[in-house]
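Enquirer: sequence first, then the predicted structure, then my questions.
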Amino acid sequence: MSGSIQVRGLSRTFHTTVRRPGFAGALKSLVKPERVAKEAVCDVTFEVAPGELLALLGPNGAGKSTTIKMLTGILTPTSGEARVAGVVPYRERERNARNIGAVFGQRTQLWWDLPVRESFAILRDIYGVPEREHRVRLGEFDELLALSSFWDTRVRHLSLGQRVRCDLAAALLHDPPVVFLDEPTIGMDVVVKEQVRGFLKHQVEERGRTVLLTTHDMTEVERLAERVVLINHGRLVLDGTLDEIRRRFGSTWQVRATLADPQAAIAPPPGIALLRREGPQVVFGPDGPGAPTVHQALKQVVERYEVTDLAIDEADLEDVMRAAYVQAEAA
Amino acid sequence: MTDGLDMPRRPNTTDRLGTSLKSLRIVWRITRLNFRAQLEYRSEFLLMIAIGAIWQVSVIVFATVLLTRFTGMGGWASQDVLLIAATRMLAHGLFVLFLGRVHGLARHIQEGVIDTYLVRPMPVHRQLQLSVFPTNAIGDLTVATGLMVGALTRSQLDWNAARISYLVVCVLGGMLLEAALFTAVACASLRFPAADYWGRWLEELLGTFGSYPLNVLPRAVGGFLTFGLPLAFVAYFPAAVLTGHGGDSGVPYWLAAASPLVGLLAYLGARLLWRWSLGHYSGVNG
């Protein structure tokens, strides 16, 4: 079965009541409520190819979780269409559920009072996984996530890291071609995060699963995703590879040059702006869309001025995404 | 958008039977595991049973006062009134045991647990019922069984097979009717989690008025508890039919006698409403 995700013009509108300020406003809302439509997701279109890991990014409240909920069959879209492994998730919820695995980082799908292994056994029965296959898969997950040291513990006694690792295994026990991960590593320590990232990489590269991931952790994006979809206010802002995004939003470098002559007149080259001057140190940054790369800028600064010291501050992916969010907000 | 469009084969009777048996096995397995999990916390387990029994203290007090101080109520002999209380209690205990997790659904919604049920290939209603073993039902059912034994041993009626069968069907109908009422509240909770408070009010109402012959209440209240909130069909009408009060119960005899069917129909209606409500579920936090 093909594990692709296809989304065409997907929209979801929620209707809420406007909260008016103050006691009088609250009373007025009670007597004559003003209903407004809020577009949580608006006309979003993208595709994820089989075996691809796509990071769905955006600031809080951008519509990432609502998108995932529509693709997992939890919510029905107001308009548009989606297919996950060939199934329309909100029309055939149970059939879709057999094709997907889902992890919502802040809640568990395991039975709270049962030891993890018994939850796994229940899921095996629900999905109808043959016993031998179940044992083999559990062994593989144990190797990658070190589950056996705590899988006889009740879920309610697990730490967050242990619980999410178990949730990941639970989501993949039935060998789904498509996996949805909504902030899977939120609140985890770095060691467990790294273990989870390794596991996900293995699932994509070795097992060919299609993964749609939402996260605020840019290290995770850098390690796992080749392609990123950025949404803001429910609208798709950008769909491209990490390199494309860096090219478009990543020119937030700064070049700090200490001049041999602190009194030298500064007339920056085209595309480079003088950001500030602190005694002998001058700070240059990109100026407009035609700005050079940091390395070109460095060359031009050295050629134009006599400098005694140089330093570069280049934006990491977090800065790049911050710039992207800011630009999306302004647009 | 055409990849993987392998349409499933329409299941035949054998397939359906196989699926039902498999579902039953899973339900049994999860129930067994949930029960075992509760047993492992000994104090919690015993406390839950105790709370189930203590919750029904008003019914126990009512039954004691009824049997020791009064000869009857509203034209009903005290042992016949006891049959109303026992039928309601037993129906309630079975509701708590088999279908009671619809009560308090708002917590599952607020915590997003419903979302995790929706991504599993199993009906959400069934997953909800299997979310935990209702240990308090053991307390409810212990009290209910005691009351029923007391009511039957004091009863002057001839408990032949037909009457016993009708009583059993009425208890099941009462269970379904109570489940229908709480399912309707749960449907409202899916849209407005605050509707859960109505469930508490409903529980209070069932406990307070469910054990009385409704003819002792003002006509308007009796009418409301018959046609507004059909509590009368849980135990009052069945007991009236069994004890010979069916003709003066305030509704046509056939309607009182059809109480189990009313329960079944109400439950089927509530499940259709549940299905519709789940299709319109909009979650919390978007």
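Expert: Structure received.
Enquirer: for chain B, name the helix or strand with the lowest mean pLDDT.
Expert: Least confident helix or strand of chain B, by mean pLDDT, DSSP states H and E, is helix B:57-69 with a mean of 77.
Enquirer: show me where the stretch 151-300 of chain A has strands.
Expert: With strands called from DSSP state E, counting those that start in this stretch, the stretch 151-300 of chain A shows them at A:178-182, A:210-214, A:227-232, A:235-241, A:254-259, A:272-278, A:281-286.
Enquirer: closest one to chain B among those strands?
Expert: Checking the strands of the stretch 151-300 of chain A against chain B by CB to the nearest CB gives strand A:178-182 as the closest, at 8.1 Å. Placement of C-beta: from N, CA and C, glycine included.
Enquirer: surely residue A:192 is in contact with residue A:163?
Expert: No. When contacts are counted by CB atoms under 8 Å, residue A:192 is not listed as touching residue A:163 (10.4 Å).
Enquirer: what's around the closest residue in space to residue A:266 that isn't next to it in sequence, how many residues?
Expert: Spatially, and ignoring its direct neighbours in sequence, residue A:266 is nearest to residue A:274 (5.4 Å; CB to CB, 6 or more residues apart in numbering or on different chains). If you count neighbours by other CB atoms under 10 Å in any protein chain shown, residue A:274 ends up with 13.
Enquirer: what of residue A:283?
Expert: Neighbour tally, residue A:283, other CB under 10 Å: 16.
Enquirer: make sure it is actually in contact with residue A:253.
Expert: No. Using CB under 8 Å, residue A:283 is not in contact with residue A:253, being 10.7 Å away.
Enquirer: out of the strands of the stretch 151-300 of chain A, nearest to residue B:31?
Expert: Residue B:31 lies closest to strand A:178-182 among the strands of the stretch 151-300 of chain A, at 29.3 Å (CB to CB).
Enquirer: direction included, what does the closest one pair against?
Expert: strand A:100-104 (parallel), strand A:210-214 (parallel) (DSSP bridges).
Enquirer: before we move on, back to that, ok, now how distant is the residue nearest to residue A:266 from residue A:307?
Expert: 14 Å (CB to CB, to the nearest Å).
Enquirer: then residue A:100?
Expert: 56 Å.
Enquirer: can you give me the pLDDT of the nearest residue to residue A:127 once chain neighbours are set aside?
Expert: Distances taken as CB to CB, 6+ apart place residue A:174 nearest to residue A:127, at 3.7 Å, with adjacent residues excluded. Residue A:174 carries a pLDDT score of 96 in this model.
Enquirer: residue A:37: neighbour count?
Expert: 9.
Enquirer: which SSE is it in?
Expert: Residue A:37 belongs to strand A:35-48 when assigned by DSSP states H and E.
Enquirer: going by neighbour count, list what's buried in that strand.
Expert: Buried positions in strand A:35-48, judged by neighbour count with 16 or more other CB atoms under 10 Å in any protein chain shown: A:39-42, A:44, A:46, A:48.
Enquirer: cool, and stretch A:120-133?
Expert: Buried residues in stretch A:120-133 (16+ other CB under 10 Å): A:120-127, A:129.
Enquirer: before we move on, the earlier item: of residue A:100 and residue A:307, which one has the most company?
Expert: Each of residue A:100 and residue A:307 has its neighbours counted (other CB under 10 Å); residue A:100 has more, 26 against 19.
Enquirer: please enumerate the strands of the stretch 51-200 of chain B.
Expert: Going by DSSP E, counting those that start in this stretch, the stretch 51-200 of chain B shows strands at B:72-73, B:76-77.
Enquirer: so which of the ones you listed gets nearest chain A?
Expert: Across the strands of the stretch 51-200 of chain B, closest to chain A is strand B:72-73 (CB to the nearest CB), at 42.8 Å.
Enquirer: that closest one pairs with which strands?
Expert: Sheet partners by DSSP bridges: for strand B:72-73, these are strand B:76-77 (antiparallel).
Enquirer: okay, now residue 249: neighbour count?
Expert: Unless you meant another one, I'm taking chain A. Neighbours of residue A:249 (other CB under 10 Å): 22.
Enquirer: you answered for a different chain; I wanted chain B.
Expert: With other CB under 10 Å as criterion, residue B:249 counts 23.
Enquirer: so where's the chain shaky on pLDDT?
Expert: As the question left the chain open, I've gone with chain A. A:1-2, A:250-251, A:315-316, A:328-331 (pLDDT under 70).
Enquirer: my question was about chain B
Expert: For chain B, applying pLDDT under 70 flags the ranges B:1-9, B:285-286.
Enquirer: any chance of the buried residues of stretch A:120-133 in CSV, plus secondary structure?
Expert: Shown next, in CSV, are those (DSSP: H, G, I helix; E, B strand; the rest coil):
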residue, secondary structure
A:120, helix
A:121, helix
A:122, helix
A:123, helix
A:124, helix
A:125, helix
A:126, helix
A:127, helix
A:129, coil
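Enquirer: let me have those residues in TSV, extended by distance to residue A:135.
Expert: Output for the buried residues of stretch A:120-133, formatted as TSV (distance: CB to CB, whole Å):
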residue	distance to residue A:135
A:120	10
A:121	11
A:122	15
A:123	14
A:124	9
A:125	14
A:126	17
A:127	14
A:129	10
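Enquirer: closest to residue B:154 out of these?
Expert: When these are compared for distance to residue B:154 (CB to CB), residue A:122 wins out at 45.3 Å.
Enquirer: residue contacts, that closest one?
Expert: By CB atoms under 8 Å, 6 or more residues apart in numbering or on different chains, the contact set of residue A:122 is A:111, A:114, B:26, B:29-30, B:33.
Enquirer: dump the residues you listed into TSV; add neighbour count as well.
Expert: Converted to TSV, these look like this (neighbours: other CB atoms under 10 Å in any protein chain shown):
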residue	neighbour count
A:111	22
A:114	20
B:26	17
B:29	16
B:30	25
B:33	20
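Enquirer: farthest pair in those residues?
Expert: Top of the distance list for the contacts of residue A:122 (CB to CB): A:114 and B:26, 14.0 Å.
Enquirer: which stretches of chain A form helices?
Expert: A:22-31, A:64-71, A:93-99, A:116-127, A:131-145, A:160-172, A:190-205, A:218-224, A:242-249, A:294-304, A:317-330 (DSSP state H).
Enquirer: show residues contacting stretch B:106-113.
Expert: Here stretch B:106-113 has contacts from A:104, A:106-107, B:114, B:117, B:128, B:131, B:189-190, B:193-196, B:283-284, using CB under 8 Å, 6+ apart.
Enquirer: make it 7 Å
Expert: Residues from elsewhere that reach stretch B:106-113, judged by CB atoms under 7 Å, 6 or more residues apart in numbering or on different chains: A:104, A:107, B:114, B:128, B:189-190, B:193, B:196, B:284.
Enquirer: how about stretch A:107-117?
Expert: A:119, A:122, A:151-156, A:163, A:166-167, A:170, B:33-34, B:37, B:111-113, B:116.
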